[in-house]
Structure formats: structure tokens, C-alpha cells
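>>> fold the following and give me the result.
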Amino acid sequence: MSALSFQGLNVWFGEGRDRVDAVKDASFEVAPGESFGLVGESGSGKSTIMRALTGLAPHWSGHMSVNDRPVGRRRDRTFYKTVQMVFQDPYASLHPRLSVDQVLSEVLWLHGFGDIEPRIERLLDDVGLGPSFRFRYPHQLSGGQRQRVAIARALAPEPSILLLDEPTSALDVSVQAEILNLLADLRTEHNLTFLMVSHDLAVVAHMCERIAVMQAGEIVEVLGVEEMRAMKPQHPYTLSLLEASLGYRRESA
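Reported below is the predicted structural model:
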């Protein structure tokens with residue numbers, strides 16, 4: 001069984017002469033409980049794969065499945081109860097006129113949960129925010145606190161799979177480690193599967209067991225994090241990314 005499966009996935013924007021092929025014949029699988037990373041330069045198609053899965057990029061072909069259940073053109077409540085996404089910019093993803101209480105209450109109500117008040121308190125506790133944050137608005141929170149609220153919102157339907165789209169890139173460096181450690185703890189506590197997009201190889205090495213490297217919409221290599229740390233990729237593009245992340249270029253032997 002695979003938590004996520006992508007086989008021959010193509011995603012494009014526009015039609016005819018205006019068509020842009022953002023993802024080309026991408027294939028990989030994510031096991032239940034695994035943390036899997038997608039890395040590559042900006043515009044390589046990483047986030048587009050997530051958007052196709054969630055229905056935000058409607059033009060696609062190929063096969064996608066969640067827990068071995070095929071993903072069709074329409075996604076039902078079961079899909080969104082299973083798969084949730086944490087976006088890059090927590091301020092943009094939270095409604096500025098809704099308090100934390102309203103944000104979480106709305107999600108819980110939409111997914112048919114009762115006993116909403118204790119669930120909100122538990123969600124805030126899970127992400128390291130106390131009850132004093134419950135009636136605050138996004139503009140009253142720091143970037144890290146807003147991202148914690150966004151994570152709590154994603155956890156509210158009790159999903160088994162979280163899609164993490166550059167979840168720390170909009171945060172101060174001092175806060176990034178806190179959020180990554182929080183995500184790692186939540187993965188263990190809730191037995192979550194992660195699909196994480198990042199351009200930061202250090203983040204991926206900290207969070208993931210395996211990574212897929214994307215270049216110009218194509219997956220050029222899937223490798224384990226230990227191979228990445230040992231600087232032993234198979235594809236020259238992966239090696240160039242690793243060397244760039246270290247801040248130097250190794251001389252040829």
C-alpha cells in the first residue's frame with residue numbers, strides 16, 4: 001500500500017500556443033508514515049504536483065492515488081479529510097477578518113465534528129499555542145504563530161497526509177527550526193505522512209527520508225537522504241544542487 005502514488009503525471013497551464021508544461025511524466029510513491037521531499041530550483045514543478053493533487057491545478061493527465069484510491073477530477077469530503085495542505089505564506093492563507101477561533105471552528109464544523117470547543121483547545125495545545133491565542137486575529141500574531149495556526153487548521157480534520165509547501169521559507173531564520181521541530185513531533189504523535197516541497201536541502205535532510213529531484217518539470221532522480229548527505233547522487237543536476245547548497249563547487253579530479 002502507498003499513501004500517495006503518482007504515475008506518469010503531466011500538468012500544464014494554458015492551451016495551444018500558450019500551453020506551458022509544468023510537470024512532465026512524473027512518477028513516485030510515498031509510503032504510509034514516510035516523509036518524502038520534492039526539491040529543485042524555482043519553477044521546476046515541485047508545488048505544481050501538490051496543486052494537481054488537491055485540485056488547484058485542474059489540467060493534468062496520468063494517475064494519482066491516495067491510500068490506493070484513485071484521485072479523479074472531483075474530490076469529495078473523504079479526500080479533504082485525508083489530505084490537508086500547509087502553505088508557504090501563513091498570512092496569505094489565513095482570512096484577516098477571522099479570529100483563530102473562527103478559523104478552526106469553521107473547519108471542524110465543515111467536517112462534521114461536534115464538541116468543537118475542546119477540540120480547538122487541543123489543536124492549539126498541539127501546535128504550542130495557549131488558550132490566550134484563541135480569539136486573536138492574524139495581524140496580532142507573529143509569522144511563526146500564524147504558521148502554527150495554519151498547521152492547527154490543517155490538523156483539524158484529523159488527516160493522515162500533510163502536504164507541506166515551503167512551510168518555513170516565509171519565516172525568520174530563528175523561527176524556522178521551531179516550526180520544523182514542531183512538524184517532526186506532530187508527525188510522530190499523529191502518525192502522519194508528509195510530502196514536503198522545499199528549495200532548502202538542509203530542511204529536506206532534516207525532515208525527509210527520501211527525496212525526488214526536479215528539473216524543468218521532470219523528476220531526474222529519487223534518492224535517500226543518506227545518499228544526499230554523502231554527496232553520492234546519480235544525476236549531475238542533483239550534484240550541482242548539493243554543491244550549491246554547500247556554497248562551493250568541487251574541483252574535478
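>>> from here on, just use CA atoms for contacts and neighbour counts.
OK.
>>> who's in contact with the lengthiest helix in the chain?
In the chain, with assignment by DSSP state H, the single longest helix is helix 173-190. Residues from elsewhere that reach helix 173-190 (Cα atoms under 8 Å, 6 or more residues apart in numbering): 33, 126-127, 144, 147-148, 160, 168-169, 192-194, 203, 207.
>>> 7 Å instead, please
Applying Cα atoms under 7 Å, 6 or more residues apart in numbering, the contact partners of helix 173-190 are 127, 144, 168, 207.
>>> ok, the first one - contacts?
Taking Cα under 7 Å, 6+ apart as the criterion, residue 127 is in contact with 148, 152, 182.
>>> could you dump those residues into JSON lines and include distance to residue 17, neighbour count and pLDDT?
Converted to JSON lines, the contacts of residue 127 look like this (distance: Cα to Cα, whole Å; neighbours: other Cα atoms under 10 Å; pLDDT from 0 to 100):
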{"residue": "148", "distance to residue 17": "42", "neighbour count": "23", "pLDDT": "96"}
{"residue": "152", "distance to residue 17": "42", "neighbour count": "25", "pLDDT": "97"}
{"residue": "182", "distance to residue 17": "45", "neighbour count": "16", "pLDDT": "97"}
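>>> which non-adjacent residue is nearest the spatially most central residue of the chain?
Centroid-nearest residue in the chain: residue 164, 1.5 Å away (criterion: Cα atoms, centre = their mean). What sits nearest to residue 164 in space, not counting adjacent residues and going by Cα to Cα, 6 or more residues apart in numbering, is residue 196, at 4.6 Å.
>>> tell me the bridge partners for the one you found.
When assigned by DSSP bridges, residue 196 has beta-bridge partners residue 37, residue 164.
>>> go ahead and confirm it touches residue 37.
Yes - if you go by Cα atoms under 7 Å, residue 196 and residue 37 touch, sitting 4.7 Å apart.
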